[in-house]
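Peer 1: coords please:
(chains A and B)
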Amino acid sequence: DTEVTQTPKHLVMGMTNKKSLKCEQHMGHRAMYWYKQKAKKPPELMFVYSYEKLSINESVPSRFSPECPNSSLLNLHLHALQPEDSALYLCASSQSVAGGTEAFFGQGTRLTVV
Amino acid sequence: QQQVKQSPQSLIVQKGGISIINCAYENTAFDYFPWYQQFPGKGPALLIAIRPDVSEKKEGRFTISFNKSAKQFSLHIMDSQPGDSATYFCAAKREYGNKLVFGAGTILRVKS
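Peer 2: Reported below is the predicted structural model:
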C-alpha cells in the first residue's frame, strides 16, 4: 500500500468558517508534509512533521494550523482564510526526512475560499 | 531564490518522439533528484529518481541523465505517448534535509 489518502477532495468555505483537512498513510512513514499548490505552479512546502513533531514551518500564516495526532495522521486546521488561500493542498509522506527517501503525495484537497 | 531551474516551460512532441526536459541546480549539497508527473486535478506521482553517484538511470521509457560537474540533470521520455501528456516537475533534496525543492514545471503535450 503506497497510498496517501486525503479528505475531503473538494472544500468550499467562507472566510469566517473553520474547517480541517485530513491526511492518512499506512506505510509506516515517519515524515509527513503539507504543500500548497497554485495553478500551473510547483508545490510549495508549508509544514514538515518528523516523528510526529513539527520540524519545519515555512513562515505560514497562523490561519493555517497543522496537527499530527499520531504517526499515520496529519491534519491542517483552517480558520479565517482569505480568497487568495484557494489552492490545491497536498499531503505527502516519506519514510524519514533523510535524503533519498521517496515522497508519496496524496491526491490533494481542492480548496476554494469564498 | 530559485534553487532548481527547469526548462522548457512547455513542450509539444509528436507521438513516438523523444521528450527532453532539463533542470539545473545550484546547491551542491543536493544529493537526491526525483522527477514527478502530475495530471490535472491529481497529486504529483514519483516517476523516477537518481542519486549523483550514477550518471544515468533508466526505467522503461523514462531515463534520467545526470551531470554532476555541470550541476544539471534531465528527463528523457522515449517513444512519447499521448498518455504522457502531463506536467513534469524536477526536484532536489539534501541528504539530511527535509525539504524537497521543485523546479517550475514543464507542461508536456504529446500529439497523436
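
Peer 1: What are the buried residues along stretch B:51-67?
Peer 2: B:57, B:62-66 (16 or more other CB atoms under 10 Å in any protein chain shown). The C-beta positions use only the backbone N, C-alpha and C, and glycine is treated the same way.

Peer 1: Determine which two of the residues you listed are furthest apart.
Peer 2: B:Phe62 and B:Phe66 (13.6 Å; CB to CB).

Peer 1: What distance separates the opening and closing residues of stretch B:76-91?
Peer 2: Stretch B:76-91 has an end-to-end distance of 15 Å (CA to CA, to the nearest Å).

Peer 1: In it, which residues are buried?
Peer 2: Here stretch B:76-91 shows B:76-77, B:80, B:84-91 as buried, counting by 16+ other CB under 10 Å.

Peer 1: From those, pick the one nearest chain A.
Peer 2: B:Phe89 (5.4 Å; CB to the nearest CB).

Peer 1: how near is the residue nearest to A:Ala80 when sequence neighbours are not counted to chain B?
Peer 2: Sequence neighbours aside, A:Arg63 is the residue nearest to A:Ala80 in space, at 5.0 Å (criterion: CB to CB, 6 or more residues apart in numbering or on different chains). Separation of A:Arg63 from chain B (CB to the nearest CB, to the nearest Å) stands at 22 Å.

Peer 1: My understanding was that A:Arg63 contacts A:Leu81; is that so?
Peer 2: Yes. Using CB atoms under 8 Å as the test, A:Arg63 is close enough to A:Leu81 to be in contact (5.7 Å).

Peer 1: between those two, which one's more packed in?
Peer 2: The neighbour comparison of A:Arg63 against A:Leu81 (other CB atoms under 10 Å in any protein chain shown) goes to A:Leu81, with 22 against 14.

Peer 1: Might you report the residue contacts of the most centrally placed residue in chain A?
Peer 2: Centroid-nearest residue in chain A: A:Trp34, 2.9 Å away (criterion: CA atoms, centre = their mean). Counting by CB atoms under 8 Å, 6 or more residues apart in numbering or on different chains, A:Trp34 touches A:23, A:45-47, A:64, A:66, A:74, A:76, A:89-91.

Peer 1: With B:Pro34 instead?
Peer 2: A:102-103, B:46-50, B:90-91, B:93, B:100.

Peer 1: want to throw those residues into TSV with secondary structure and distance to A:Glu52?
Peer 2: Below are the contacts of B:Pro34 laid out as TSV (DSSP: H, G, I helix; E, B strand; the rest coil; distance: CB to CB, whole Å):
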residue	secondary structure	distance to A:Glu52
A:Glu102	coil	20
A:Ala103	strand	17
B:Leu46	strand	24
B:Leu47	strand	29
B:Ile48	strand	30
B:Ala49	strand	26
B:Ile50	strand	30
B:Cys90	strand	30
B:Ala91	strand	25
B:Lys93	strand	21
B:Leu100	coil	20
